[in-house]
Structure formats: structure tokens, C-alpha cells
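Q: Just the structure for this:
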Amino acid sequence: RSAFRGPPLPKPAISAPLTGGSVGSLQTGVATGIGMFNAHTFAALRNEDLSDVAWVATGTPTVTTNTDVAPDGLTTADSIEDDSGAIAEYISQAVTVASDTLTYTATVWVQCASSQQVILTLILQPTGTHKATCTTTWTKISTTAVNASLVLATLELRPTNATAANTGVASFWRPQVYQS
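A: Residues are numbered from 1 along each chain as shown. Have a look, this model is predicted:
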């Protein structure tokens, strides 16, 4: 039996499926409501399983699924470890985009056990790269790039700042690419 007292809420009029959204308060890790933003068609495949074959490894990063509690409060965040001091290890995915000259945005939630730099890269022409300091709090990072009429972009998730001498582990959640 519901604790809600009052008339039923009206059903929203939706003519197409919603393809984008965010969860209320993500700082506490507790969903407090649903907030919709501009509906997007997300291009990244298997964004809930970074060990899937849709993600290609460079080097031999260790990818472990469902290792951490994600911003939505569920244990669905995946960790990527670069344990080589000799080469940068990371994962990437080829993402199909329209052959246009529009701007695309890549986003991902990231968290680390201690402060370190991580890199989110969206390769179009030119490349958009965002180096961010990863902390113990979930942070959403993003980067943008303007398409030069390509039909394929590359999304990279790097758990370190990409220099060969660095190693580290970062947890990633819901990487996406969309037209912005």
C-alpha cells in the first residue's frame, strides 16, 4: 500500500522514447528523483559493462565489472587498472556518429580511491581531451569535439594521466557520446 495520499499523477505525454536522463542527488549516492534533460541518442555501446568486447584494450588494463557503488546507489560502476609502468593502458570504443560538422560531447562519471588524474578523450577531428583530477567523490567529466564529417569517433577511458610511468585504478560509470 502506497504512503502517497492524493490524486494519481498524470501520465506524461511522450511521443518518443526518452534516451537521456539523470538521477536526482548523486552526491549522496541516493536517488532522490528523476530529472530529465535534453533527450539524446547515446552512441556508446555496453556502457554498463566496460569488459564487453565493444571496448578495446590498449596494453593489458585490468577491467573489473560491478566493483563500486555508482552514483545511482547500485553496484554497477566498473574499475580500470593501469598496472604497467612501461606503457599507458586504457580502453576505447569506436562510436558511430552522423557524417556532419556538429559538436559531440563525451561524458563519464569517475571516482578513485585517492587523488589522481584520469583522461577522457573523444577523437573526432580535432580531438577533444579532458584531463581531470579523480577523487573519492563521484565526478562527472566531459569533453567536446566538432565532427569533421567523419562517421566514426573514438571514446577513450584512461585511468591515469597517460604517461608511461604512471599506474593507477579508477572507477568509471556510464560513459556516453552524444550530439550536443
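
Q: longest strand anywhere in the chain?
A: Counting by DSSP state E, the longest strand found in the chain is strand 168-179.

Q: who does that strand pair up with?
A: strand 77-82 (antiparallel), strand 103-111 (antiparallel) (DSSP bridges).

Q: Give me whichever of the ones you listed is most buried.
A: Most buried of these by mean neighbour count (mean count of other CB atoms under 10 Å) is strand 77-82; its value is a mean of 24. For every residue, glycine as well, the C-beta is placed using N, CA and C.

Q: Phi and psi next, for the residue nearest to Cys134 when sequence neighbours are not counted.
A: Once flanking residues are discounted, Cys134 sits nearest to Cys112: 3.8 Å by CB to CB, 6 or more residues apart in numbering. As for Cys112, its main-chain torsions (degrees, to the nearest 10) stand at phi -130, psi 160.

Q: surely Cys112 meets Thr136?
A: Yes. Taking contacts as CB atoms under 8 Å, Cys112 lies within contact range of Thr136: 6.8 Å.

Q: quick one, which of these two is more surrounded?
A: Cys112 (21 against 10; other CB atoms under 10 Å).

Q: Please report the distance of the more buried one from Val177.
A: 22 Å (CB to CB, to the nearest Å).

Q: repeat for Val151
A: 13 Å.

Q: More neighbours: the two, which one.
A: Neighbours were counted for Val151 and for Val177 using other CB under 10 Å; Val177 has more, 26 against 11.

Q: Now do stretch 104-119: distance from first to last residue.
A: Start-to-end span of stretch 104-119 (CA to CA, to the nearest Å) is 17 Å.

Q: And that stretch, how far out from the chain middle?
A: 8 Å (CA atoms, centre = their mean, to the nearest Å).

Q: Same question for stretch 85-94.
A: On CA atoms, centre = their mean, the centre of stretch 85-94 falls 16 Å from that of its chain.

Q: Stretch 67-76 now?
A: With CA atoms, centre = their mean, you get 13 Å for stretch 67-76.

Q: coming back round to it: now for the strands paired with strand 168-179, which one comes closest to Ser51?
A: strand 77-82 (7.0 Å; CB to CB).

Q: contacts for that closest one?
A: 49-51, 59, 61-70, 88-91, 109, 111, 157-160, 166-173 (CB atoms under 8 Å, 6 or more residues apart in numbering).

Q: sorry, back to before: got a markdown table for the strands paired with strand 168-179, with distance to Val97 and mean pLDDT too?
A: Listed next are the strands paired with strand 168-179 as a markdown table, based on distance: least, CB to CB, whole Å; pLDDT from 0 to 100:
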| stretch | distance to Val97 | mean pLDDT |
| --- | --- | --- |
| strand 77-82 | 23 | 92 |
| strand 103-111 | 6 | 89 |
